[in-house]
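1. predicted structure and sequence below. I'll ask about it afterward.
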Amino acid sequence: QVQLVESGGGLVQAGGSLRLSCVASGIIYSINDMPWYRQAPGKQRELVASIARLEHTNYADSVKDRFTISRDNDKKTVYLQMNNLNHEDTAAYHCNADVITNSWTNYWGQGTQVTVSS
């Protein structure tokens, strides 16, 4: 059974920084894309950033130049460094992964809450 576990969320003042981590565990042969999504109350879930296995990255326009996604394939971990946070970044952040075990399956983490105070 594959699990994704996020950590690193919390309460931070506007202008501050947080670093989120997401670790994949279980019998895993390979992980392809590892994106981060977020969902704020009353809003649709949105893609924040994604990183492919060979580390090609994409970012939402709203977080470009503030957030950095990275991964450590040996540790099966994806990171999201978030700088210069603002109130609009308040959301539950979920990691996602395309995982190859004995088949190709998409998994979600439970999420970690990020709250930015004004």
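-> Happy to help now that I have it.

2. partners of the longest strand seen in the chain in the sheet?
-> In terms of residue count, the longest strand belonging to the chain (DSSP state E) is strand 91-100. Its sheet considered, strand 91-100 pairs with strand 30-31 (antiparallel), strand 36-39 (antiparallel), strand 104-108 (antiparallel), strand 112-117 (antiparallel) by DSSP bridges.

3. of the ones you listed, flag the one that's most buried.
-> strand 36-39 (a mean of 21; mean count of other C-beta atoms under 10 Å). Just so you know, the C-beta spots here come from the backbone N, C-alpha and C atoms, and that holds for glycine as well.

4. ok now that strand, how far from the chain's centre?
-> Relative to its chain's centre, strand 36-39 lies at 7 Å (C-alpha atoms, centre = their mean, to the nearest Å).

5. state the mean pLDDT of it.
-> Mean pLDDT, computed over strand 36-39, is 98.

6. got the angle between the helix or strand just after that strand and strand 91-100?
-> Using DSSP states H and E, the helix or strand that follows strand 36-39 in sequence is strand 46-51. Calculated by axes from the mean of the first three to the mean of the last three C-alpha atoms, to 10 degrees, strand 46-51 forms an angle of 40 degrees with strand 91-100.

7. who touches the helix or strand that strand 46-51 is followed by?
-> Counting by DSSP H and E, the next helix or strand C-terminal to strand 46-51 is strand 57-59. With C-beta atoms under 8 Å, 6 or more residues apart in numbering as the test, strand 57-59 has contacts from 47-51, 67, 69.

8. now restrict the residues you listed to buried residues only.
-> The neighbour count (16 or more other C-beta atoms under 10 Å) marks 48-51, 67, 69 as buried among the contacts of strand 57-59.

9. out of these, who's nearest residue 21?
-> Proximity to residue 21 was ranked across the buried ones among the contacts of strand 57-59 by C-beta to C-beta; first place goes to residue 69, at 11.4 Å.

10. secondary structure element holding the closest one?
-> Element membership for residue 69, per DSSP H and E: strand 67-72.

11. got it, and residue 79?
-> Secondary structure (DSSP H and E) places residue 79 in strand 77-82.

12. which helices and strands does that strand pack with?
-> strand 18-25, strand 46-51, strand 67-72, strand 91-100 (3 or more C-beta pairs under 8 Å, 6 or more residues apart in numbering; DSSP states H and E).
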